[in-house]
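> Need coordinates for the following:
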Amino acid sequence: MNQRELPPNAVPVSRDAVDDPVVAAADAHAAGPQPQAAAGAVAATAPAPSLRAMGQSHIHESARAQVAGAAHYIDDLPEVKGTLYAAPILSTVAHGRLNGVDATAALALPGVRGVVLAADVPGDKLLAAFAHDEPVFAIDTVQHIGQVIGLVVADSVMQARRAVRAVKLDITPLPAVLTVQDALQAQSYVLPPVFVRRGDAAAGLDASQHRLSGQFEVGGQEHFYLEGQIAYAMPLEQRQWWIYSSTQHPGEVQHWVAHALAIDNHAVKVECRRMGGGFGGKETQAGHLAVWAAVAANKLGRPVKLRLDRDEDFMVTGKRHPFAYEYDVGFDATGRITGLKLQMAANCGFSADLSGPVADRAVFHSDNAYYLSDVEIASYRCKTNTQSHTAFRGFGGPQGVIVIEAILGDIARALGLDAQDVRLANLYGKDASEGRNVTHYQMTVEDNILHALLPQLERDADYRERQAAIAAWNATSPVLKRGLAITPVKFGISFTATLFNQAGALVHVYTDGSVQVNHGGTEMGQGLHTKVAQIVADELGVPLSRVLVTASDTSKVPNASATAASSGTDLNGRAAQFAARNVRDNLASFVCGLDGCGAGAIRFEGGQVISPKKVRQFDDVVKEAYANRIQLWSDGFYRTPKIHYDKATLTGRPFYYFAYGAACSEVVIDTLTGESRVTRVDILHDVGHSINPAIDIGQIEGGFVQGMGWLTTEQLVWNDKGYLATHAPSTYKIPATGDIPAHFRVNLWPEANREDNVGGSKAVGEPPFMLAISVYEALRNAVAAGREGGPGRPVVLTAPATAENVLRALGRLMD
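Predicted structure coming up:
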């Protein structure tokens with residue numbers, strides 16, 4: 001058997017197996033002998049698995065502290081004497097001319113120390129974002145309701161917030177662009193449109209046996225991190241600054257603050273021990289709060305803390321980009337696509353932020369797992385007078401994947417075929433011999449495992465049998481209708497901006513044998529620090545308990561990239577591994593000199609250093625090495641190999657590898673009320689050789705549920721004045737425990753990453769989010785079973801599939 005063709009009963013790791021020993025035993029019996037490592041995997045030369053940290057389900061490094069309430073977030077930190085508190089002054093108009101700000105009444109209130117406006121910014125009045133199109137504070141115009149015009153600073157949080165209500169704004173309203181359709185008509189863009197073509201889409205459409213066209217929309221999504229946006233700015237001596245920021249990108253915060261204060265980067269230290277969630281919302285937009293707090297602290301000469309409450313966070317910060325689609329697709333009798341014209345319009349809000357790369361990634365992932373021979377894609381980056389939308393888990397990938405999955409679902413309905421068969425017919429080839437393994441952006445797909453993974457999930461989930469049972473059940477159920485769907489994901493791993501694919505780390509071994517690690521990544525609950533500690537522990541052969549990862553700090557590792565693009569462990573874990581390897585090599589050279597052997601003969605495992613002549617304790621070797629003036633610390637640096645990308649043409653190899661997976665979801669809808677429920681989910685996901693299976697499975701579960709929320713309940717509603725009406729948990733509904741299906745099973749695909757990645761692992765942060773598109777497709781199948789007028793027509797279901805949108809799709813609710 002080819003080592004890459006895994007046996008159909010391979011079920012190596014599952015959530016059920018982790019939680020339930022009875023199910024674990026059943027899984028082990030069903031799985032039988034486990035497959036050997038995939039071709040290209042590293043041979044097992046390491047110590048016994050029980051001595052290794054990697055591959056084991058160690059608890060999150062902060063779990064005990066978090067459960068005990070002892071894990072510090074920024075608002076928990078002891079405050080410096082003299083700390084002041086800021087509250088934002090927000091625009092009440094979507095688009096207008098800012099004539100003046102009258103803060104007289106606010107300044108007269110008790111405890112108020114000052115008001116901070118654009119004139120108080122000592123450096124550039126525009127933020128140091130790449131497009132340089134967003135002011136620190138509104139200057140002469142306001143661009144959306146909730147734009148920050150300035151701050152009120154006071155002795156207490158409540159004094160500042162009360163004073164904000166006393167500020168009077170003089171704004172002359174101007175016409176506002178509030179929808180993608182209006183932006184397209186007005187050619188209102190934050191960045192120029194982008195076009196990607198391969199083959200001849202028009203000819204492919206004309207020659208097609210069958211043809212469909214359609215349009216639909218998907219909404220945005222609020223990040224809803226548990227810890228809201230916060231920054232604490234402390235002026236130090238000699239124009240130096242210490243910024244505590246809840247940020248995914250301390251290096252960018254450092255740069256933004258320095259830019260606004262007109263000082264050098266080296267004068268600003270940014271620190272972040274952990275975030276209470278990020279999801280992309282703290283990649284760029286945490287920088288705003290840090291700049292605002294720093295400008296206020298600079299004006300008043302005292303530390304300033306700024307924390308947005310939940311309503312302010314909704315009104316001020318950007319969301320996942322809403323998208324609108326139009327498509328024209330041609331296909332043959334098997335459902336294979338022969339021509340596609342696709343228009344994607346992203347609602348970017350009032351400034352560019354990260355909309356360019358978000359929209360680019362949507363273009364890259366508009367193929368998902370499928371070969372498109374003749375395709376033409378138009379991507380519009382629309383400027384509207386709403387919050388400036390930003391990064392969110394998946395970073396445009398979900399908005400690209402959902403459109404091709406919806407198209408394939410409609411093709412299957414038009415032909416009367418099972419959508420699973422249509423998807424299988426359109427997959428990229430297994431290898432180059434099939435001539436169907438080059439993407440529309442000219443990257444060769446070299447590691448496609450979906451030809452094995454999808455049928456495996458189909459069998460595991462009893463897909464065919466359940467489809468037949470559901471069809472029979474729907475035929476006799478006049479009100480409740482069920483739907484079932486499998487959708488795959490192929491997600492590219494790397495920053496599409498090649499320069500960000502680099503990382504640094506420091507590893508310090510102290511004379512007692514304990515190890516401290518610092519790296520450029522940030523911890524937001526995803527377990528990055530835990531995985532990095534596991535990697536370093538194995539590299540040095542010490543117990544995991546001896547390794548401590550410290551707060552992200554720009555004064556330790558400079559110029560670090562954002563913890564984003566699912567690359568946190570790939571980049572920072574590898575950099576930390578290299579740093580630890582340098583220290584290990586120093587120790588190995590020292591020991592081989594003592595024992596008269598080659599350095600390659602020295603092994604580090606189980607807290608011991610083993611040479612052919614003697615076994616020593618790691619701690620003892622460290623003490624001896626120090627006494628002999630051997631360096632016990634090192635830096636490590638890593639840059640992702642093989643990648644290249646032409647931004648002008650959107651072609652090249654932007655990704656180091658792809659992460660794969662698939663989900664099978666079953667839903668039921670009430671055709672009278674539009675209510676829906678997800679009743680069963682089976683997932684088979686590719687994480688390579690997992691560094692920490694429990695953390696990876698948690699990421700898969702969390703990503704899926706967050707994606708399910710995007711597509712079912714999380715509806716953002718702006719009224720005709722541009723006011724975000726859903727700005728609190730009372731009106732914006734994220735999934736709760738009652739929304740989790742009773743059957744929710746996650747299995748991990750056992751094959752190692754075919755590229756040389758740390759530990760043979762693959763990234764896991766973002767790819768599982770798109771598995772929830774199976775819920776959307778299952779809902780569309782249920783709608784097709786419940787509507788009148790024949791099953792073959794496309795199902796137009798606006799996402800999120802709220803009860804109202806389900807009723808509209810059924811034709812039972814008119815706008």
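> Can you list the residue ranges for helices in the stretch 201-350 of the chain?
For the stretch 201-350 of the chain, the helices defined by DSSP state H, counting those that start in this stretch cover 201-206, 250-261, 286-300, 310-316.
> State the mean pLDDT of the longest one.
Over the span of helix 286-300, the pLDDT mean works out to 98.
> list the helices and strands that helix packs on?
When contacts are defined as 3 or more Cβ pairs under 8 Å, 6 or more residues apart in numbering; DSSP states H and E, helix 286-300 packs onto strand 84-90, strand 112-116, strand 148-154, strand 230-235, strand 241-245, helix 250-261, strand 304-307. Quick note: C-beta positions are derived from backbone N, CA and C, even for glycine.
> In the longest helix belonging to the chain, which residues are buried?
With secondary structure taken from DSSP state H, the chain has its longest helix at helix 574-595. Residues 574-584, 586-588, 590-592 are the ones in helix 574-595 that count as buried (16 or more other Cβ atoms under 10 Å).
> leaving aside the residues next to it on the chain, what's closest to the residue of the chain positioned farthest from its centre?
Farthest-out residue of the chain from its mean C-alpha position, per Cα atoms, centre = their mean: residue 596, at 50.3 Å. Leaving aside its sequence neighbours, residue 596 sits nearest to residue 613 (Cβ to Cβ, 6 or more residues apart in numbering; 7.6 Å).
> what's the neighbour count on the one you found?
Counted with other Cβ atoms under 10 Å, residues neighbouring residue 613 total 12.
> do the one 4 residues further on as well
Other residues within reach of residue 617 by the criterion other Cβ under 10 Å amount to 13.
> my guess is it contacts residue 608, does it?
Yes - contact criterion Cβ atoms under 8 Å: residue 617 and residue 608 qualify, at 6.1 Å.
> mean confidence for stretch 56-63?
97.
> Can you list the buried residues in it?
Buried residues in stretch 56-63, counted by 16+ other Cβ under 10 Å: 58, 60-62.
> Dump these to a markdown table, plus secondary structure and distance to residue 265.
Formatted as a markdown table, the entries for those read as follows, by DSSP: H, G, I helix; E, B strand; the rest coil; distance: Cβ to Cβ, whole Å:
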| residue | secondary structure | distance to residue 265 |
| --- | --- | --- |
| 58 | coil | 36 |
| 60 | coil | 32 |
| 61 | coil | 29 |
| 62 | coil | 29 |
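> the strands in the stretch 601-750 of the chain, which residues?
603-605, 608-610, 615-617, 633-639, 644-646, 651-653, 657-670, 676-686, 743-749 (DSSP state E, counting those that start in this stretch).
> Okay, now the unreliable bits of the chain?
The chain contains residues with pLDDT under 70 at 1-50, 790, 815.
> rerun at 80
Across the chain, residues meeting the criterion (pLDDT under 80) sit at 1-50, 432-434, 789-791, 813-815.
> any idea which residue sits dead centre in it?
The residue lying closest to the centre of the chain (Cα atoms, centre = their mean) is residue 393, at 2.5 Å.
> So that one, which state does it fall into?
coil (DSSP: H, G, I helix; E, B strand; the rest coil).
> And it, its phi and psi?
Phi and psi for residue 393, reported as degrees, to the nearest 10, are phi -30, psi 120.
> can you check residue 371 too?
Dihedral angles (degrees, to the nearest 10) for residue 371: phi -80, psi 130.
> What about it, how many residues nearby?
Neighbour count for residue 371, taken as other Cβ under 10 Å: 20.
> which ones are touching the nearest residue to it once chain neighbours are set aside?
Of all residues beyond its chain neighbours, the one nearest residue 371 is residue 436 (4.2 Å), with distances taken as Cβ to Cβ, 6+ apart. Applying Cβ atoms under 8 Å, 6 or more residues apart in numbering to residue 436 gives the contacts 371, 373, 428-429.
> Which of these ranks first by neighbour count?
residue 428 (23 neighbours).
> List the buried residues in stretch 323-336.
323-325, 327-331, 335-336.
> which of those residues sit farthest apart?
Farthest apart among the buried residues of stretch 323-336 by Cβ to Cβ are 324 and 336. That separation is 26.5 Å.
> Could you pull up phi and psi at residue 540?
phi -90, psi -10.
> what's the burial count for the closest residue in space to residue 264 that isn't next to it in sequence?
Leaving aside its chain neighbours, residue 264 sits nearest to residue 258 (6.2 Å; criterion: Cβ to Cβ, 6+ apart). Residues within reach of residue 258, counting by other Cβ under 10 Å, total 21.
> Check the one 10 residues further on too.
Residue 268 has 27 neighbours, counted by other Cβ under 10 Å.
> re the thing from before, most tightly surrounded among the helices of the stretch 201-350 of the chain?
Neighbour counts (mean count of other Cβ atoms under 10 Å) averaged over each of the helices of the stretch 201-350 of the chain peak at helix 286-300, with a mean of 27.
> Let's see which of the buried residues of stretch 323-336 end up in strands.
By the criterion of DSSP state E, membership of the buried residues of stretch 323-336 in strands covers 323-325, 327-331.
> Dump those into TSV; add distance to residue 752 as well.
TSV is the format used below for those (distance: Cβ to Cβ, whole Å):
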residue	distance to residue 752
323	35
324	40
325	36
327	37
328	41
329	36
330	39
331	36
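> out of the helices of the stretch 201-350 of the chain, nearest to residue 212?
The closest of the helices of the stretch 201-350 of the chain to residue 212 is helix 201-206. By Cβ to Cβ, the value is 10.3 Å.
> Over to residue 414. Which of the three states is it?
helix.
> residue contacts, it?
By Cβ under 8 Å, 6+ apart, the neighbours of residue 414 are 210, 212, 792-794.
> circling back: and the residue nearest to the centre of the chain, how close does it get to residue 282?
For residue 393, the distance to residue 282 (Cβ to Cβ, to the nearest Å) stands at 12 Å.
> do the same with residue 479
Counting by Cβ to Cβ, the gap from residue 479 to residue 282 is 44 Å.
> between those two, who's got more neighbours?
The neighbour count for residue 479 versus residue 282, taken as other Cβ under 10 Å, is higher for residue 282 (34 against 10).
> Just give the nearest non-adjacent residue to that one, would you?
In this structure, residue 282 finds its nearest non-sequential neighbour in residue 248, 4.7 Å apart by Cβ to Cβ, 6+ apart.
> same question, residue 814
The nearest residue in space to residue 814 (Cβ to Cβ, 6+ apart) is residue 808, at 7.7 Å.
> Now that neighbour, what are its backbone angles?
Residue torsions, per degrees, to the nearest 10, at residue 808 are phi -60, psi -40.
> neighbours of it, just the number please.
Neighbourhood size, residue 808 [other Cβ under 10 Å]: 19.
> And residue 145, by the same measure?
23.
> For it, which three-state class applies?
Per three-state DSSP, residue 145 ends up coil.
> separation between it and residue 125?
Applying Cβ to Cβ to residue 145 and residue 125 gives a distance of 21 Å.
> What of residue 311?
Residue 311 is 27 Å from residue 125, by Cβ to Cβ.
> Just the C-alphas of stretch 614-623, formatted as CSV.
Output of stretch 614-623 as CSV, limited to C-alpha atoms (Å, rounded to 0.1, in the frame of the first residue of the first chain):
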residue,chain,number,x,y,z
LYS,A,614,28.2,8.6,30.7
VAL,A,615,24.7,9.7,31.6
ARG,A,616,24.5,13.1,33.3
GLN,A,617,21.6,15.2,34.6
PHE,A,618,20.7,18.1,32.4
ASP,A,619,20.9,20.5,35.4
ASP,A,620,24.4,19.3,36.2
VAL,A,621,25.7,19.7,32.7
VAL,A,622,24.3,23.3,32.7
LYS,A,623,26.2,24.1,35.9
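> Give me the contact list for it.
Residues from elsewhere that reach stretch 614-623 (Cβ under 8 Å, 6+ apart): 509-513, 540-542, 587, 590-591, 595, 604, 607-610, 632.
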